[in-house]
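*Asks:* Okay, sequence plus prediction incoming.
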Amino acid sequence: MARPPVRSASARSAPGLVVLGGGESVRAPGRVTLVGAGPGDPELLTIKALKALRAADVIVHDGLVSDEILDLAPEAARRINVAKRKSRHTLPQDDINQLLVALALDGLTVVRLKGGDPFLFGRGGEELAACREAGVDCSVIPGVTAALAASAGAGAPLTHRGSAQAVTFVTGHAAPQNGEMGEPDLDWAALARPNQTVVVYMGVSTAALISERLSAAGRAGSTPALIVENASRSDERRILTTLAELAVAAEGLKGPALLMVGEAMAMAAIDVPEDRNLTKDEVSFSPVHRVSPQ
Ligand SMILES: C[S@@+](CC[C@H](N)C(=O)[O-])C[C@H]1O[C@@H](n2cnc3c(N)ncnc32)[C@H](O)[C@@H]1O
């Protein structure tokens, strides 16, 4: 789609509206910025993200972005939620792409606000490609991805000299095939090697499969595993368990959560005394708890 011509502006009466010398008016093209909102805590927003939010005419956001962060945008900025988590109604990705392009072509400064980082399991690449194809200016502001917040909050490093020489971020979820949840196409043999951390995004519903595949490929069932739900938020919960117990430990989680498997996860801070051998049913769920294998 071709951009409208832009000549030097002599006055601006509305966002994107340029009044030309002869009194003729043409809308200047707007632009899209894909902004990483981080994992939830507004203090983990970058200064650059905050500046983009403050300059926005319209904010197109997903369900993982907290109200506290949306409140940092000007009151007059229009907010469009494209993923209403409660009703599970999500605008299809193609419609989101088209919406971003249309808003920008209408002369608006569009912030596409996404949880964590836009390029980590965030479909930011598709939105960038759609903007490029339409000739819309699009830039990206990175955000703190959930794994970094979960690891920092728990005091469990993703890499650690002697016990985690690599970290891999994987998805636990593949596009459904024939109405059934698809299995992620992962190199299980590589992920099963010891002394590395595997962080699974979107893996709560497939925790049993992940545990099975990693174990079958040779990762020890006793490998420490940390589950962090709502990382960086006031309702953050941590469950320290093992690979063998991963599926049981992940049962009943409601918020966004990460499964983190690896030797270094044993360093996770927990609030229950070390000498108590708690089972899942015995512990309170607030704010963090340990699940011990039976
Ligand atoms: C569609 S992905 C988006 C990831 C995001 N772009 C990022 O960089 O964090 C959604 C998944 O990210 C993880 N996630 C996002 N925010 C989280 C949080 N605050 N705590 C734990 N996991 C989170 C969960 O695994 C969730 O299912």
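*Replies:* Received the coordinates, thanks.
*Asks:* Mind jotting down where the helices sit in the stretch 51-200 of the chain?
*Replies:* In the stretch 51-200 of the chain, helices defined by DSSP state H, counting those that start in this stretch lie at 67-70, 93-105, 124-134, 146-154, 188-191, listed in chain order.
*Asks:* between these, which one is nearest to Lys48?
*Replies:* When the helices of the stretch 51-200 of the chain are ranked by distance to Lys48, counting by Cβ to Cβ, first place goes to helix 67-70 at 14.0 Å. Every residue, glycine included, has its C-beta placed from N, CA and C.
*Asks:* Start and end of stretch 236-253, how far apart?
*Replies:* 11 Å (Cα to Cα, to the nearest Å).
*Asks:* if we can go back for a sec, pick the most buried one from the helices of the stretch 51-200 of the chain.
*Replies:* Here the criterion is mean neighbour count by mean count of other Cβ atoms under 10 Å, and of the helices of the stretch 51-200 of the chain the winner is helix 146-154, at a mean of 22.
*Asks:* Just the C-alphas of that helix, formatted as PDB.
*Replies:* Only the C-alpha atoms of helix 146-154 are listed here, as PDB (Å, rounded to 0.1, in the frame of the first residue of the first chain):
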ATOM      1  CA  ALA A 146       9.300 -13.400  31.700                       C
ATOM      2  CA  ALA A 147      12.300 -15.800  32.100                       C
ATOM      3  CA  LEU A 148      14.600 -13.100  33.200                       C
ATOM      4  CA  ALA A 149      12.100 -11.800  35.800                       C
ATOM      5  CA  ALA A 150      11.300 -15.300  37.100                       C
ATOM      6  CA  SER A 151      15.000 -16.200  37.400                       C
ATOM      7  CA  ALA A 152      15.900 -12.900  39.100                       C
ATOM      8  CA  GLY A 153      13.000 -13.000  41.500                       C
ATOM      9  CA  ALA A 154      13.800 -16.500  42.600                       C
END
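*Asks:* Just put the helices of the stretch 51-200 of the chain in JSON lines and tack on distance to the ligand and mean pLDDT.
*Replies:* Shown next, in JSON lines, are these (distance: least, Cβ to the nearest ligand atom, whole Å; pLDDT from 0 to 100):
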{"stretch": "helix 67-70", "distance to the ligand": "12", "mean pLDDT": "93"}
{"stretch": "helix 93-105", "distance to the ligand": "11", "mean pLDDT": "97"}
{"stretch": "helix 124-134", "distance to the ligand": "8", "mean pLDDT": "98"}
{"stretch": "helix 146-154", "distance to the ligand": "3", "mean pLDDT": "98"}
{"stretch": "helix 188-191", "distance to the ligand": "16", "mean pLDDT": "98"}
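*Asks:* Can you say which of those helices is nearest to Val228?
*Replies:* Of all the helices of the stretch 51-200 of the chain, helix 146-154 comes closest under Cβ to Cβ, at 3.7 Å.
*Asks:* how close does Ala244 sit to the ligand?
*Replies:* Spatial separation of Ala244 from the ligand under the definition Cβ to the nearest ligand atom, to the nearest Å is 21 Å.
*Asks:* Can you get me a residue count around that residue?
*Replies:* Residues near Ala244, counting by other Cβ atoms under 10 Å, number 18.
*Asks:* SS state for it?
*Replies:* Ala244 carries the three-state label coil when classified by DSSP: H, G, I helix; E, B strand; the rest coil.
*Asks:* Confirm for me that it is in contact with Ile210.
*Replies:* No: with contacts defined as Cβ atoms under 8 Å, Ala244 does not count as touching Ile210, sitting 11.9 Å away.
*Asks:* can you list the residues of the stretch 151-294 of the chain near the ligand?
*Replies:* By Cβ under 6 Å from any ligand atom, the residues of the stretch 151-294 of the chain that approach the ligand are 201-202, 228-233, 256-258.
*Asks:* Report the contact partners of the closest residue to the ligand within the stretch 1-150 of the chain.
*Replies:* Relative to the ligand, the nearest point of the stretch 1-150 of the chain is Gly116 (1.9 Å; Cβ to the nearest ligand atom). Contacts of Gly116 were listed using Cβ atoms under 8 Å, 6 or more residues apart in numbering, and they are 36-39, 64, 122, 143-146.
*Asks:* Alright, that wraps it up for me.
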